[in-house]
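>>> Have a look; sequence and predicted model below, questions after that.
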Amino acid sequence: MTGWYPVFLKEMLQFRRKLLRLGYIFSAMMAPIIYLVTFGLGLGKTVKLSEGTDYLTFLLPGLVAMSSMNNSYSWVASSLNLSRLYFKTFQVYIQSPIKPFSIMIGEVMAGMVKGLFASLLIIVVGFVVPSKFSINLIFILTLLLNCFMFACLGVITGMITKSHEDTATYSNFFIMPMAFFSGTFFSIDRIPLIFKPIIYIMPLTHTNILIRKSYIDTEAMISLSLILFYCLCFFLIGSTLMKKYSE
């Protein structure tokens with residue numbers, strides 16, 4: 001079980017090197033800040049929500065969920081893809097006396113740290129702008145599960161892609177639609193009924209539902225159960241891909 005730590009440490013050392021560059025921090029904040037200014041501060045005053053919440057307060061948890069998804073997923077997927085196909089460092093992991101399960105844990109935990117870092121930047125902004133944004137235990141639990149879930153999905157993508165361009169293709173087909181249609185910017189109640197079955201299949205939909213809850217109700221329990229189900233499935237699939245890796 002201790003084999004995960006060298007994998008995690010290697011990723012954190014690379015991450016620390018990036019943190020020393022101000023450009024990385026600004027790039028991590030840029031897209032969410034643009035969405036916040038455009039939708040929250042720009043259009044927010046004209047948007048009326050049926051539940052009586054102001055739009056900026058509604059938007060901020062969605063931006064946290066989206067940022068944690070993007071960063072947890074993209075870092076792991078890109079890092080694995082590059083280390084497999086170009087730098088050939090992933091093969092060192094496989095040949096070393098580290099079990100695939102431990103490699104999986106190390107990569108996922110590293111992805112979670114990067115997702116949490118990006119989310120923290122948005123949370124800080126959320127407390128600065130004029131809104132009723134707040135966090136609670138459900139918020140924190142949901143954020144952790146979301147980072148874990150999409151880091152596991154990033155492992156799957158990083159293991160099955162055949163080129164670096166494939167990583168962007170998967171992101172365009174799966175991650176980008178989730179960012180816009182899973183309740184980040186508007187309530188899923190406004191989505192036409194014919195599209196709702198597809199929307200409710202998307203993992204981020206249930207993150208957005210749960211992260212905005214102040215207490216556990218039936219809807220929250222269903223979303224939490226589905227998120228746990230996705231976490232388990234993605235983790236097992238990623239672990240299996242690493243175990244059967246023979247490239």
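Sure, I can see it.
>>> Just checking, which helix or strand of the protein averages the lowest pLDDT?
helix 22-35 (a mean of 70; mean pLDDT, DSSP states H and E).
>>> Heading C-terminal from that helix, find the next helix or strand.
Using DSSP states H and E, the helix or strand that follows helix 22-35 in sequence is helix 55-85.
>>> For residue 177, which non-adjacent residue is closest in space?
residue 202 (7.6 Å; Cβ to Cβ, 6 or more residues apart in numbering). In short, each C-beta sits where N, CA and C put it, glycine included.
>>> and the residue nearest the centre of the chain, how far is that from residue 215?
Centroid-nearest residue in the chain, with Cα atoms, centre = their mean: residue 69, separated by 1.5 Å. Residue 69 sits 24 Å away from residue 215, going by Cβ to Cβ, to the nearest Å.
>>> thinking again about what came up before, if I look at the residue nearest to residue 177, how far off is residue 10?
32 Å.
>>> ditto for residue 195
Applying Cβ to Cβ to residue 195 and residue 10 gives a distance of 42 Å.
>>> ok, these two, which is more surrounded?
A count of neighbours by other Cβ atoms under 10 Å puts residue 10 above the other of residue 195 and residue 10, at 17 against 11.
>>> Could you tell me what pLDDT the model assigned to the more buried one?
Per-residue confidence (pLDDT) for residue 10: 88.
>>> Could you give the average pLDDT over stretch 181-189?
87.
>>> What of stretch 156-175?
Stretch 156-175 carries an average pLDDT of 89.
>>> What separation is there between residue 188 and residue 206?
Using Cβ to Cβ, residue 188 is found at 10 Å from residue 206.
>>> joint contacts of those two?
Shared contacts of residue 188 and residue 206 (Cβ atoms under 8 Å, 6 or more residues apart in numbering): residue 200.
>>> The two: which is more packed in?
Taking neighbours as other Cβ under 10 Å, residue 188 and residue 206 compare with residue 206 leading, 29 against 17.
>>> what's the burial count for the nearest residue to the more buried one once chain neighbours are set aside?
Using Cβ to Cβ, 6+ apart and skipping the chain neighbours, the partner closest in space to residue 206 is residue 223 (3.8 Å). The local packing of residue 223 (other Cβ under 10 Å) involves 22 other residues.
>>> got the contact list for residue 223?
By Cβ under 8 Å, 6+ apart, the contact set of residue 223 is 206, 207, 209, 210.
>>> Inside helices: which ones of the residues you listed?
Residues of the contacts of residue 223 located in helices (DSSP state H): 206, 207, 209, 210.
>>> ok, those vs residue 73, which is closest?
Among those, residue 207 lies closest to residue 73 (Cβ to Cβ), at 12.4 Å.
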